[in-house]
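1. just coords:
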């Protein structure tokens with residue numbers, strides 16, 4: 001059984017998809033961009049600001065599912081410029097204090113709303 005999570009604490013989808021799907025004890029979070037859910041504006045003054053906003057959006061979805069960053073087992077990071085890799089890693093690491101999830105980071109030519117970063121993840125809540 002699957003349940004779509006659509007919460008006010010994360011940006012509304014800009015296409016035909018769910019913000020996240022909870023199936024049993026697994027949460028599949030769609031790619032999050034640095035869209036501030038309260039203002040509807042992009043948080044894109046810097047790659048650091050954008051990364052924090054993306055992680056806050058992910059946190060809102062995790063919270064709705066009764067999870068936190070410790071439950072994430074896999075992340076995918078998409079960057080328009082791989083030169084930002086070190087800066088993104090610095091911010092990203094603040095959210096994973098213990099065992100970080102498996103991950104890949106790839107450079108892409110374009111992202112939704114022409115943002116610099118998008119992150120998706122999978123989280124599993126142990127029973």
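-> That came through fine. Keep in mind it's a predicted model, so treat the numbers as computed, not measured.
2. so where's the protein uncertain?
-> Scanning the chain for pLDDT under 70 picks out 9-11, 127.
3. mind listing the helices for it?
-> All helices of the chain, identified by DSSP state H, fall at 47-64, 85-93.
4. Return the list of helices and strands in contact with the longest one.
-> Applying 3 or more Cβ pairs under 8 Å, 6 or more residues apart in numbering; DSSP states H and E, one finds that helix 47-64 makes contact with strand 26-32, helix 85-93, strand 117-124. C-betas here are computed from N, CA, C, even on glycine.
5. circling back to that earlier point, tell me which of the helices of the chain sits nearest to residue 33.
-> Residue 33 lies closest, by Cβ to Cβ, to one member of those: helix 47-64, at 6.6 Å.
6. For the closest one, which outside residues touch it?
-> Residues outside helix 47-64 that contact it (Cβ atoms under 8 Å, 6 or more residues apart in numbering): 5, 7, 9-11, 19-20, 27, 29, 32-37, 42-44, 68-69, 71-72, 84, 87-88, 90-92, 95, 115-119, 121, 123.
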